[in-house]
Structures are given as structure tokens and as C-alpha cells.
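Visitor: After the sequence you'll find the predicted model.
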Amino acid sequence: MKIVVIGGTGPIGTKLVAQLTEHGHEAEPAAPNTGVNTITGEGLAEVLKGADVVVDVANSPSFEAGPVLEFFRTSTSNLLRAEEAAGVRHHLGISIVGTERLADNHYFAAKIAQEELIKGSGIPFSLVHATQFMEFVGAIADEGTWDDGKVHIAPVAWAPIAAVDVGKNLGKVAVGAPLNARIDIAGPDEYRMDEFFRKALAERGDPREVVADVHARYFGSELTERSLVPVGEATLGELHYDEWYAAR
């Protein structure tokens, strides 16, 4: 099976390409540094020749409202048109658990727009919604640091997942029949978000104090209890945070 991974040279894409190749599939990474650009359309027709499945894990270089929306609309529209022309039989996209509950968030709103394009394309599809990656813990702490030097974190449910588990789940969906629906994936453990960051920063030797703050914003949005974790059935990853951190 030929599977083209858009964003295949990034943190998720590289893991997915390696996994699919190991299982005997023809997995081809596609990104600007391989001559494929979904914004300009460069290289799309060539890389999609003979493709059975396309997995899109490309990400926007900007999270600002206008640019992020434009990126996902343009990139996804160009990609879907090229897939239709090439006869691709399965489009797999990745998004974030909680997008529909945080539509005021610019990035989440752009991902919702992307999903609507996928669902309306007529191409059989699958969508995987993942909780936040363990790899982004440091960046989230930095985002939550206020002028007082403290990390303000909402005391809500939190279930981060390792990128390697995201790749494994994407691989399973990619080689299966299109779901024409979405699934949620999350880390194997659910925490209180403020308690998790308090422990995680201490393990890193980071002296910043973590403050439980119900009004703390998560990349611009206030959170409710289950904004960032699945509501209902979800597939859980295997790697616990302590194991993941120890391995790094």
C-alpha cells in the first residue's frame, strides 16, 4: 500500500513513516524539504501518483488567527483536489481533542474549518483527535508563565499523550478502512493539570512555581473541567509520562 504522509519530515510524520515502512508499506514523506508544498501545490500531483492513502499531519507555521486559518484552508483544499485527481481512496487527518469545545481558540477554530473541508470533500476519510503531546509540556508551561514569573495553570482534567503513541494510532487507522468519522486518543493517565505541571517542572529542575488558577488561559482560552480530554470513548496510549520523560 502506498501511503503519502504530508508533513512526513516533522515530529509525528517521521515516526509514522518509519512505522509504516517497518510494516511493509510504501510510506513516502512529503514536505517542502522534499519538494512538496501544499500551499503552492508544488509536487502534489507527482507524489500522489498511485497513492492509496494520504495522512496529513502538516502544521501551520503561525498560530495567529488569520494566518493559521488561511494555512489550513489553503493547504487542505489544494491537497484534497490533488487527491481527487489522483484517485486517493482514504484521507486521514489529525486534530485535537476539545476543538469543538474551544471554538474561541484561533488554532482550534482553524482545525474545525479543516475538518469541515475534509468531511465535505467526498473522499472517504478518517479523523484522529489527540490530546496534547507530552513533547509540548515545556512550551505550555512557558505559555502559562505570567509577569509574576509563576506558571498559571487551570485545575482541570489533563491526559497528555506521547508522540510515538500518536504515530502508532495513526498507522493503525491509515492501513484500515476509512472510518468516515473520528476517534479520540489520549494518554494512559488522567491528571489534574496543575498538579501534573507542578510535578513535571520539579522533575526538570525548573524552579517556577505552578499556581492553580481557574482563569488561567490555555493559548488564549479559558478551560472547563473536561475541555482538553475525551468525553466518552477513547483509545489510550501505552507510554506513561514518567516512562517517556525517563527515556529522554
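Guide: Noted; the coordinates are in hand. Residues are numbered from 1 along each chain as shown.

Visitor: which residues of this structure fall in strands?
Guide: All strands of the chain, identified by DSSP state E, fall at 2-6, 26-30, 53-56, 90-96, 125-130, 151-153, 157-158, 182-186, 191-192, 210-212, 217-218, 221-222, 235-236.

Visitor: Please name the residues that touch the closest residue to residue 133 other than its chain neighbours.
Guide: The shortest distance from residue 133 to any non-neighbouring residue, by C-beta to C-beta, 6 or more residues apart in numbering, is to residue 163 (5.2 Å). The way it works is simple: take the backbone N, C-alpha and C, and place the C-beta from them, glycine included. Neighbouring residues of residue 163 by C-beta atoms under 8 Å, 6 or more residues apart in numbering: 11, 12, 15, 133, 134, 135.

Visitor: Just give me the closest of those residues to residue 88.
Guide: Closest approach to residue 88 among the contacts of residue 163 (C-beta to C-beta): residue 12, at 19.7 Å.

Visitor: My guess is that closest one contacts residue 57. True?
Guide: Yes - between residue 12 and residue 57 there is a contact under C-beta atoms under 8 Å: 4.7 Å.

Visitor: Pull up the overlap in contacts between the two.
Guide: 94, 170.

Visitor: Dump the contacts of residue 163 into a markdown table; add neighbour count as well.
Guide: Listed next are the contacts of residue 163 as a markdown table, based on neighbours: other C-beta atoms under 10 Å:
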| residue | neighbour count |
| --- | --- |
| 11 | 16 |
| 12 | 23 |
| 15 | 22 |
| 133 | 21 |
| 134 | 22 |
| 135 | 17 |
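
Visitor: Dump those residues into TSV; add pLDDT and distance to residue 90 as well.
Guide: TSV is the format used below for the contacts of residue 163 (pLDDT from 0 to 100; distance: C-beta to C-beta, whole Å):
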residue	pLDDT	distance to residue 90
11	89	23
12	93	18
15	92	19
133	96	24
134	96	28
135	95	27
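
Visitor: Among those, which ones are in helices?
Guide: Residues of these located in helices (DSSP state H): 11, 12, 15.

Visitor: Quickly name whichever of these is closest to residue 108.
Guide: So of the ones in helices among the contacts of residue 163, ranked by how close each gets to residue 108 (C-beta to C-beta), first place is residue 12, at 17.9 Å.
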